[in-house]
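*Asks:* Sequence and computational prediction follow.
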Amino acid sequence: DQYLAAAGAFGGRAAWAKDSAQKSVAKLVGELVAHHQADPKRIYLVGFSMGGGTALLAAENSTTLAFRPAAVVSTQGFTDLKAMTTPEAGGGTYALSINQAYGGLLDDTTAQTHSPVDEAERLAGIPVYLEHGEADTSVPVTHSTHMAARLTELGAPPELHTYPGL
């Protein structure tokens with residue numbers, strides 16, 4: 001078997017799973033399929049931190065982005081955008097970045113439609129692997145545990161691994 005790995009820049013440091021970041025994922029996958037013989041049925045989305053949340057959300061929105069991933073992996077990924085604006089996430093340092101990314105104070109509707117945990121039903125049929133350090137102070141482990149609980153509630157339990165002390 002041959003493997004092809006690719007990474008993209010999804011709108012800079014403050015993309016926060018915006019539609020443009022998700023479209024960048026779709027464009028990158030499209031380029032890989034069209035020009036590098038990537039098998040569209042074997043696309044795996046993987047992301048870390050902000051990228052983990054973006055990977056989950058891109059997988060959730062795959063029906064409108066012209067591909068459906070074979071699986072998605074989120075390492076230390078955010079799953080609740082509104083929770084990332086609270087003091088528990090990075091000591092509150094992300095609120096400014098998120099508000100700037102979305103052009104002002106994050107409203108509840110935007111937060112919900114850009115939070116993987118709130119759109120989890122769209123992951124039906126896509127295997128999900130979540131991993132998270134329990135001592136993470138940037139993206140609290142509750143993001144992955146809440147996502148796992150939501151997917152389990154929907155009948156699509158993910159594989160979840162948490163790591164004490166990390």
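*Replies:* Yes, it's here.

*Asks:* confidence score at the residue nearest in space to the middle of the chain?
*Replies:* Geometric centre of the chain, nearest residue: residue 53, 2.1 Å, by C-alpha atoms, centre = their mean. Here, the pLDDT recorded for residue 53 equals 91.

*Asks:* wait, it sits on residue 72?
*Replies:* No - assessed by C-beta atoms under 8 Å, residue 53 is found out of contact with residue 72, at 10.8 Å. C-beta here means a position set from N, CA and C on the backbone, and glycine is covered the same way.

*Asks:* What are the phi and psi values at residue 130?
*Replies:* With angles defined as degrees, to the nearest 10, residue 130 sits at phi -120, psi 140.

*Asks:* tell me the contacts of it?
*Replies:* Residues in contact with residue 130 (C-beta atoms under 8 Å, 6 or more residues apart in numbering) are 73, 74, 77, 144, 147, 148, 158, 159, 160, 161.

*Asks:* Show me what it is bridged to.
*Replies:* residue 74, residue 160 (DSSP bridges).

*Asks:* Go through the contacts of residue 130 and name the one nearest residue 126.
*Replies:* If you rank those by distance to residue 126 using C-beta to C-beta, residue 158 comes first, at 9.6 Å.

*Asks:* The closest one: neighbour count?
*Replies:* Look at residue 158: counted by other C-beta atoms under 10 Å, it has 24 neighbours.

*Asks:* With adjacent residues omitted, what lies nearest to it?
*Replies:* In space, residue 158 comes closest to residue 128 once its chain neighbours are excluded; the distance is 3.7 Å by C-beta to C-beta, 6 or more residues apart in numbering.

*Asks:* what's the pLDDT at residue 81?
*Replies:* 93.

*Asks:* What's the local residue count around it?
*Replies:* Quick note: residue 81 (other C-beta under 10 Å) scores 25 neighbours.

*Asks:* what's the helix or strand for residue 46?
*Replies:* Assigned by DSSP states H and E, residue 46 belongs to strand 44-48.

*Asks:* what's in contact with that strand?
*Replies:* By C-beta under 8 Å, 6+ apart, the list of residues contacting strand 44-48 from outside reads 25, 53-56, 58-59, 69-77.

*Asks:* Just the helices from the chain, written as ranges.
*Replies:* Remark: helices assigned in the chain by DSSP state H are 19-36, 50-60, 94-101, 108-113, 142-153.
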